[in-house]
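Undergrad: model the structure of this input:
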Amino acid sequence: MLRQYRLPHIYRRAPAHWIERSSPVVIAYLVRHGDAVPAAENSERPLSPAGREAVEQIGRLARERQVRVSAIYHSGILRAKETAEILAKYLMPPSGVKAIAGLLPEDDPLAGKAELEAATDPIMLVGHLPYMSRLAALLVRGDREATVINFEPAAIVCCSKTAAQWKIDWHLAPSTH
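TA: Sure thing, here's the model as predicted:
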C-alpha cells in the first residue's frame with residue numbers, strides 16, 4: 001500500500017522570484033534562408049530545389065518540436081520570403097508572414113535586438129548572413145563580431161532571454177536532426 005504524505009505549505013509552491021528568474025521573458029527564432037540558386041542562373045535567387053526541401057524538412061521538425069510563433073518576419077528578399085512562407089505552412093503563425101526592414105545582410109543587428117526585446121510573443125526572423133550570425137552574437141555575447149553559432153542554410157536557432165541575459169536554447173539544421 002502506498003502512503004500519501006502532505007507536504008507542509010511552505011514546500012507546495014516555489015516563490016515568485018524563483019519562477020521569474022527561470023522563465024524566459026522573450027523567445028526568438030533566428031532562421032537563415034534555405035539554399036538559393038546561383039545568381040548566374042536567376043538574378044532573383046529563389047530557393048533551389050534542395051533548399052526548398054531542406055526548409056520543408058526543418059519546418060516539419062520545428063512543428064514536431066511544437067515551435068509556436070506569433071509572426072514570421074523576413075527581409076523581403078525572395079529566398080527569405082520563400083523560406084518564411086514554407087515555415088508558416090508548418091507553424092501557422094496567427095499574425096502571418098511579413099517583410100520588415102532591418103534584416104538585410106549588412107543591416108545593423110542593434111535594431112533587430114531592440115525589436116526582439118520589445119516583443120511580447122515568440123517571433124521568428126528569417127534573414128541572411130552575415131546579419132543572422134551578427135544578431136545571434138550580439139544577443140548572446142554583446143559583441144556582433146563574436147562567433148557563437150554556424151548558421152547553415154535553413155538553420156533555426158532558438159534564443160531566449162530571461163531577466164538577466166540571452167542564451168541559445170537549441171539549434172536545428174538539416175544536417176543536425
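Undergrad: what distance do you get for the residue nearest the centre of the chain to Ala50?
TA: Geometric centre of the chain, nearest residue: Tyr29, 1.0 Å, by CA atoms, centre = their mean. Distance of Tyr29 to Ala50, given as CB to CB, to the nearest Å: 22 Å. Bear in mind the C-beta positions are built from the backbone N, C-alpha and C, glycine included.
Undergrad: helix/strand/coil for Ile72?
TA: Under DSSP: H, G, I helix; E, B strand; the rest coil, Ile72 falls in the strand class.
Undergrad: pretty sure it contacts Pro122?
TA: No: using CB atoms under 8 Å, Ile72 makes no contact with Pro122, being 10.5 Å away.
Undergrad: neighbour-wise, which of those two wins?
TA: Ile72 (24 against 18; other CB atoms under 10 Å).
Undergrad: so how far is Ala80 from that one?
TA: According to CB to CB, Ile72 stands 10 Å off from Ala80.
Undergrad: joint contacts of these two?
TA: Overlap between the contact sets of Ile72 and Ala80, as judged by CB atoms under 8 Å, 6 or more residues apart in numbering, is given by Val126.
Undergrad: and the helices in this protein?
TA: Secondary structure of the chain by DSSP state H: the helices cover 16-22, 49-64, 78-91, 109-118, 131-141.
Undergrad: I'd like the ones you listed as CSV, with mean neighbour count and mean pLDDT appended.
TA: Shown next, in CSV, are those (neighbours: other CB atoms under 10 Å; pLDDT from 0 to 100):
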stretch, mean neighbour count, mean pLDDT
helix 16-22, 10, 44
helix 49-64, 18, 97
helix 78-91, 22, 99
helix 109-118, 16, 91
helix 131-141, 22, 97
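Undergrad: any chance of the ones you listed in a markdown table, with distance to Gly34 too?
TA: Supplementary listing: the helices of the chain in a markdown table, determined by distance: least, CB to CB, whole Å:
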| stretch | distance to Gly34 |
| --- | --- |
| helix 16-22 | 34 |
| helix 49-64 | 3 |
| helix 78-91 | 5 |
| helix 109-118 | 20 |
| helix 131-141 | 13 |
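Undergrad: Ala164: which of these is closest?
TA: Of all these, helix 16-22 sits nearest to Ala164, with 7.7 Å by CB to CB.
Undergrad: any idea how many residues pack against the nearest residue to Pro105 once chain neighbours are set aside?
TA: Nearest non-adjacent residue to Pro105, counting by CB to CB, 6 or more residues apart in numbering: His128, 4.3 Å away. By other CB under 10 Å, the residues close to His128 number 21.
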